[in-house]
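# Let's see this in three dimensions:
(2 chains)
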Amino acid sequence: MGWFHRLFHKRLEDKRLDAELRFHLEERVRDYMASGLSPQEARRRANLAFGGLEQMKEDCREARFESHIEDFLRDFQYAFRSLAKDRRFALVAVFALALGIGATTVMFSVLYAAVVDPFPYRDFQHAVEFDLHNLAEPSNDIARYHYTIPEFLAIREQNHSLEDIVGNYQLDVLYSDGKGTRRFLGGYVTTNGFEFMGVPPLLGRYFSAGDGKPGTPFVFMMNYKLWQTEFGGDPKILGQTFFLNGKTRTLIGIMPQRFNGYGSSLWFPLDLSPGADGTVFPVHDANVMWALARLKKGVTRQAAGDDVDAILHRLAHDNPGELYPQRFKVVARSLVDFVVGDFSKTLYSALAAVFLLLLIACGNVANLLLARATIREREIAVRASLGAGRRRLVRQLLVESCLLAGAACFAGCLFAYFGLKGVVAIIPPGPIPEAIIGLNPAVLLFALGIAALTTLTCGLAPALHAVRGNLELRMFGSGKGAGGGFRHGKLRSCLVIAEVALSIVLLTGSGLMMRSFFALTHVELGFNPARMLYAWVSTAEHGPYETAVKKTLFYEQVLQRVKALPGVISATETISMPPLGGDGGEITILGKPASQHRSSGVDLCGEAYFQVLGLRLLRGRLLSETDIDSARRVAVVNEAFARAYFGSENPLGQKIKFNDFDQFPETPHDAYFEITGVVSDFKNRGLFHPPVPEAFLPHSITGFGDRNILAATSVDPKSLLPDVQREIWSVDPNAAITHSGSIQDFLTEFEYTQPQFGVIAITTFAGIGLALVLVGIFSVMAYTVALQTHAIGVRMALGAHRSDVVNMVLWQGMRLISAGIFIGVLASLVLTRFLASQLPGISATDPLTFGGVVLIFLTVGLVACFLPARRASQSDPLLALRYE
Amino acid sequence: MEQEKTEVLKGTLDMLILKVVAFGPIHGYAISQRIQQISNDFFQVPEGSLYPALHRLEDGGWLQAKWEETETGREAKFYSLTRKGRKRLSIEMVNWERFSEAVALILSTAE
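Numbers count the residues shown, from 1 in each chain, chains lettered A, B, ... in the order given. Got it, this is the predicted structure:
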């Protein structure tokens, strides 16, 4: 019971206290009487000794715990009443804070989903994969994170730091249901792969150690999405057989919706014993396996990386060759980093931006609270003189901001709930496929924490300020008093400067990202990506296209039909996808020392390639139809190639060899290609990387690999896709288009969405921040003008012009704003450096952006100051003076 | 003016109350009388300090209270020591002893 009981039985408790004290008094009276005093005298003396009964009662009550709660409730009641009286203030303050809290909550929940809880997997914090860095490259680029089966086996057997390791690789799976052939993205996964992830299957079972062994029945598993889209979520397909990549396989399990492990739609079991399904060529000696491992307890990522590094260095020592760069280092990277990667940087920047926004909102509310405190000086003075202590007054004022923050927190969570739907819509699909973005307990807790922080940030300074100095004195001089007003004025000025500075930082960040995004979407490609069709074609690898001649014939027929389609200007086949050129590899130039490291991209193309991509011929001649038809060993190189390896020499007639070709049975071994022409450079390593050396060979020299059909069109490429598919099927119904569209779509999906997300998020925050600052400056200036009504009246009575008054107020305001701009620009110069990695194509100190932001701010500031200034100049001096 | 008698040293009131209550259940008036008596009228506990202190000690769980009849047949609030209060009393007594010894030591040598 105790205090809790007493809290609700206050009347009874008061009666008891009264009885106790009265008893004391009576006893004393009796004692006095016993010592011979008259009853009246005894009572008088007793009362005198006793002192103030009510004060004593109050002291007794205060000694008890429940009195604190009572005080608190009373403070709340009081705060509520005083806020309800000033509804406009309360609404503005709650709205500003709710914007801040809501936006912060939204960004936090996205970040939480992406970084803290991106996967449904068991213990994924300890999951790592391994990157092999090429130390010979200047920037220590990652040479590969895929390994050969012997490498994988060596790592699995020889490591001391890994609890478990899964190997997997992806491949196209062609599915024939008798009516036609469709292509899905499949993957071979070692049989421990699903136990490793620890996500139970939705239906059926996952792989166990026996699956995939030579001689066992072929089985596979399917992900939820494929099950839904292709098979309508029919549970009866479990246990049925499917004809996949030329084999009959039984479906044994379907994974739940929130599982996207190994990035495939369907999975085959991978057993690594010799001759098992999935280990035969072309896989065995190619580096295709991605390894996912879990660290042993207590082992650091660094140690695991070193462990695997030692194993691979032993392998490299025993089998030197193309697989290993001259100097390399293996580093373990966390799975979260591998999957979420750079996107988390965007998210952290957005979260930082949103914190700035929250600070601006707090600054605004603090300013409003200060204004209120000034107006309420008299009230505070009265309360102080009636015995309220400073601590009590501060608590009172803090309860008020706490109430505001609480209301704002509630409204902010509502904002966040709806805001999240918008955010989910613009979030790039790539980095966090399995994250669930929403208002979970962690996020709500965060919002509450932010609200508490907000209370202190925006409430404490005004509260402490309000009770500074001699409180009682203010009863007389307050209200429009110059002294108090001046002191408040200083703090308010500081707040305005801070708000402006914060907003400048936000705006420059957002401006830089916008500029960078503009640069990104306007990179000169040499062709129009919106009028460029691509279609990757997959043909059954070991079927009718086993020789280069057969494959060439197939593509020749397809291309002829595609070229004949109305809307197609020209078409070619290739093995790359602009703005990414062909894969790079080491080359040898006949007659030049082999010790020197030289590399070049290789592209296999048809004669129309240069026309399609708009590459200009600089020297020699292009690939001709005869070159292609007779698979001549000739090559056209780009300018970067000629510059890098021949300088001022004439590259024409020189002979080059592509060392990687020696590795594959289907490519010409020990073959030198004669350079016949040089073409202009184009973007072949992404939008911002300068062009690297690249060579173009007739596609007919090999039947290796899938091909991409590129076509320059005069209409929207998407409208042509059904026709292209039809033409391909009319040549071979078993060939499937794997992915297709316009290059523009490809760029949008893989190059634009991520920066676009950052741009939209930060620009929204910057916009809101700017609006808040505008309101902030306006209210401060309006308030300052109101305080100076008297001074302005005197000036005007003494003959000042209206324009003088306007100038004076503008000058006051712009001084604050300029100070804010100055500090903000300095801070931005320091802070935008951290953004630099996310600003490709633009300098982090881009003068245009900085200039633009300052200009915007000067304009906004002028507008915000001008209205109060005009009002000041229009005041009637007589009226202004009469108020005194 | 009539306050020639020394007021209880700050911080020791709680200890004195606990000590007096330790003899058995006792009401507020009797506590003040007892302190005055035992100290040979040296200490006088003003009501304004006594009752808030009693309530604070009760709230803190060192004292418990019960309404009972006095010998004269009137209802009064009787305080008694809880186990927690007994513990605190013994601790405070030890501390006080050390404190007063130390003070005495300094005073006797400071000449």
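# any idea where the strands of chain B begin and end?
For chain B, the strands defined by DSSP state E occupy B:6-7, B:26-27, B:43-44, B:63-69, B:75-81.
# average pLDDT across the first one?
Yep, that's strand B:6-7 we're talking about. For strand B:6-7, the mean per-residue pLDDT is 54.
# Residues of chain B that sit close to chain A?
Selection of chain B residues close to chain A by C-beta under 8 Å from any C-beta of the partner chain yields B:27-29, B:32, B:46-48, B:51-56, B:59, B:67, B:74-77. For the C-beta atoms, the positions are set from N, CA and C on the backbone; glycine is no exception.
# Find the residue at the geometric middle of chain B.
residue B:17 (1.8 Å; C-alpha atoms, centre = their mean).
# List the residues that contact that residue.
B:31, B:35, B:50, B:53-54, B:57, B:63 (C-beta atoms under 8 Å, 6 or more residues apart in numbering or on different chains).
# Where do the helices of chain B begin and end?
For chain B, the helices defined by DSSP state H occupy B:13-21, B:28-38, B:47-59, B:83-109.
# The helix or strand hosting residue A:535 pairs with which strands?
Using DSSP states H and E, residue A:535 falls within strand A:532-538. In the sheet, strand A:532-538 lines up against strand A:707-713 (antiparallel), strand A:736-742 (antiparallel) (DSSP bridges).
# Mind putting those into TSV with mean neighbour count?
Below are the strands paired with strand A:532-538 laid out as TSV (neighbours: other C-beta atoms under 10 Å in any protein chain shown):
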stretch	mean neighbour count
strand A:707-713	23
strand A:736-742	18
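# Helix or strand with the lowest mean pLDDT in chain A?
helix A:474-477 (a mean of 53; mean pLDDT, DSSP states H and E).
# re the thing from before, just the strands of chain B: most buried one?
strand B:26-27 (a mean of 20; mean count of other C-beta atoms under 10 Å in any protein chain shown).
# what's it packed up against?
Judged by 3 or more C-beta pairs under 8 Å, 6 or more residues apart in numbering or on different chains; DSSP states H and E, strand B:26-27 is in contact with strand B:75-81.
# Pairing partners for the strand it packs on, with directions?
Assessed with DSSP bridges, strand B:75-81 is paired to strand B:26-27 (antiparallel), strand B:63-69 (antiparallel).
# will you turn those into CSV that also has distance to residue A:738 and mean pLDDT?
Shown next, in CSV, are the strands paired with strand B:75-81 (distance: least, C-beta to C-beta, whole Å; pLDDT from 0 to 100):
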stretch, distance to residue A:738, mean pLDDT
strand B:26-27, 94, 90
strand B:63-69, 83, 88
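# To residue A:414, which of these lies closest?
With distances scored as C-beta to C-beta, the stretch of the strands paired with strand B:75-81 nearest to residue A:414 is strand B:63-69 (49.1 Å).
# how far out from the middle of the chain is that closest one?
For strand B:63-69, the separation from the chain centroid amounts to 17 Å (computed by C-alpha atoms, centre = their mean, to the nearest Å).
# what's the angle from it to helix B:28-38?
Here strand B:63-69 runs at 110 degrees with respect to helix B:28-38, directions being taken by axes from the mean of the first three to the mean of the last three C-alpha atoms, to 10 degrees.
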